[in-house]
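*Asks:* next come a sequence and a model predicted from it.
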Amino acid sequence: MFQSIPTITKNLLIINVLAYLATLVLGPSGVDLTEWGGLHFFMASHFHLYQFLTYQFLHGSFTHLFFNMFALWMFGVVMEQVWGPRKFVFYYLLCGIGAGLVQEVAQFVNFYLRISSQDASVGLIDLFQIGSMVSQQLNGWATIGASGAVYAILLAFGMTFPENRLYMFPIPIPIKAKWFVVGYAAIELMMAFTSPGDGVAHTAHLGGMLFGFFLIRYWQRHPSIDYDLGRGRQFFDNMKRRFDQHTTQQRNTEWKVTPGGGGSTPKRETDMEYNARKQQRQAEIDAILDKISKSGYDSLTKAEKQRLFEASKE
């Protein structure tokens, strides 16, 4: 299954996992990758421009990593098929940088509100002077995670396949991708105002979606040969074709045992029997893959997932 993941999505998954493992390995020795690669507030002494890129590959916990990578795999595979590798990686990294920029603006506003609450006469120049004096203390304002870029990928899927129905926990009913994205954005916007101190960069999530929205609208107005909606659908067609190849290779090796005489003798399956069995199996797999294409992998029942798993090993 890992071999079917497009190149850029696969490499992004690998890099994020390796970066998380490096964080675990180097942490006990005193090397803090978050201190080096996390995106610090621009007034902090540890702020560097390269952190707009490196922060996207660092995560604070396994849960943080898992959910980001699961969403990247689920939606990134399809969007890379649609756009191609160059446009996909450009979109992913640019939206991640955009998310970081919006987070910096949000932190600046937060810093201003804190200072002005103590002295309402503080001006912009005074604010920068104060920032330089407390730059060491501001090093604690660091952002990490691929969430901004991943939310942009989620937005891209919703804008590209708005009518596709998704089954997403804990929503008990299928929901169209466009409404799923709108709902997520609304939740993030509400959380940004109601839970500013929960340790989650809600504004970064919104920033990634904002940059993604404008970038996609620009591409829609300036279409290019790299944009191919059919490649997203083709991902599921390729899975069907690989299954056909598996069954074709088995055609000359499968036997049916029937009783005869004093024991059992192996007898080659007739063409009619083989074709009937193949058509039945193919219909089952086609129905499962179509269900994934329309409603997502999570919509499958336990029996359907097991059937797909068995087919992938045949």
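*Replies:* Happy to help now that I have it.
*Asks:* phi first, then psi, for the closest residue to Arg165 other than its chain neighbours.
*Replies:* Nearest residue to Arg165 in three dimensions, chain neighbours excluded: Pro174, at 3.9 Å (Cβ to Cβ, 6 or more residues apart in numbering). No exception for glycine: its C-beta is placed from N, CA and C like everyone else's. Phi and psi for Pro174, reported as degrees, to the nearest 10, are phi -70, psi 150.
*Asks:* domain ranges for this protein?
*Replies:* Following automatic domain parsing, one finds the domains of the chain at 2-221, 229-313.
*Asks:* now mean pLDDT and mean neighbour count too, for those domains, in JSON lines please.
*Replies:* What follows is the domains of the chain, written out as JSON lines (pLDDT from 0 to 100; neighbours: other Cβ atoms under 10 Å):
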{"stretch": "domain 2-221", "mean pLDDT": "87", "mean neighbour count": "17"}
{"stretch": "domain 229-313", "mean pLDDT": "60", "mean neighbour count": "13"}
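*Asks:* let me see the contact set for the residue nearest the centre of the chain.
*Replies:* Nearest to the mean C-alpha position of the chain, by Cα atoms, centre = their mean, lies Leu72 at 1.5 Å. Contact partners of Leu72, counting by Cβ atoms under 8 Å, 6 or more residues apart in numbering, are Thr9, Leu12, Leu13, Asn16, Ala146, Val150, Ile153.
*Asks:* using CSV, write out every CA atom in the helix or strand hosting the fourth one.
*Replies:* For Asn16, the host element (DSSP states H and E) is helix 7-26. Backbone C-alpha positions of helix 7-26 (Å, rounded to 0.1, in the frame of the first residue of the first chain) are rendered in CSV as follows:
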residue,chain,number,x,y,z
THR,A,7,6.4,10.6,-4.4
ILE,A,8,6.0,13.9,-2.7
THR,A,9,3.3,12.8,-0.2
LYS,A,10,5.4,9.7,0.6
ASN,A,11,8.6,11.8,1.2
LEU,A,12,6.7,14.3,3.4
LEU,A,13,5.4,11.5,5.5
ILE,A,14,8.9,10.0,5.9
ILE,A,15,10.5,13.4,6.7
ASN,A,16,8.0,14.2,9.4
VAL,A,17,8.3,10.8,11.0
LEU,A,18,12.1,10.9,10.9
ALA,A,19,12.1,14.4,12.4
TYR,A,20,9.9,13.2,15.3
LEU,A,21,12.1,10.3,15.9
ALA,A,22,15.1,12.6,15.9
THR,A,23,13.4,14.7,18.5
LEU,A,24,12.9,11.7,20.8
VAL,A,25,16.5,10.5,20.3
LEU,A,26,18.2,13.8,20.7
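*Asks:* touching that helix from outside, list them.
*Replies:* 2, 5, 32-34, 57-59, 62, 65, 68-69, 72-73, 76-77, 80, 85, 88-89, 92, 146.
*Asks:* what separates the helix or strand following that helix from the chain centre, distance-wise?
*Replies:* As assigned by DSSP H and E, the chain's next helix or strand after helix 7-26 is helix 33-37. From the chain centre to the centre of helix 33-37 is a distance of 23 Å (Cα atoms, centre = their mean, to the nearest Å).
*Asks:* what does helix 33-37 contact?
*Replies:* Counting by Cβ under 8 Å, 6+ apart, 19, 22-23, 26-27, 46, 51, 54-55, 57-58, 60, 139, 142, 144 sit against helix 33-37.
*Asks:* so which residues of this protein form helices?
*Replies:* 7-26, 33-37, 51-54, 62-83, 85-118, 124-133, 147-160, 177-194, 202-221, 229-250, 271-295, 302-313 (DSSP state H).
*Asks:* right, so of those, which gets closest to Tyr167?
*Replies:* helix 271-295 (5.4 Å; Cβ to Cβ).
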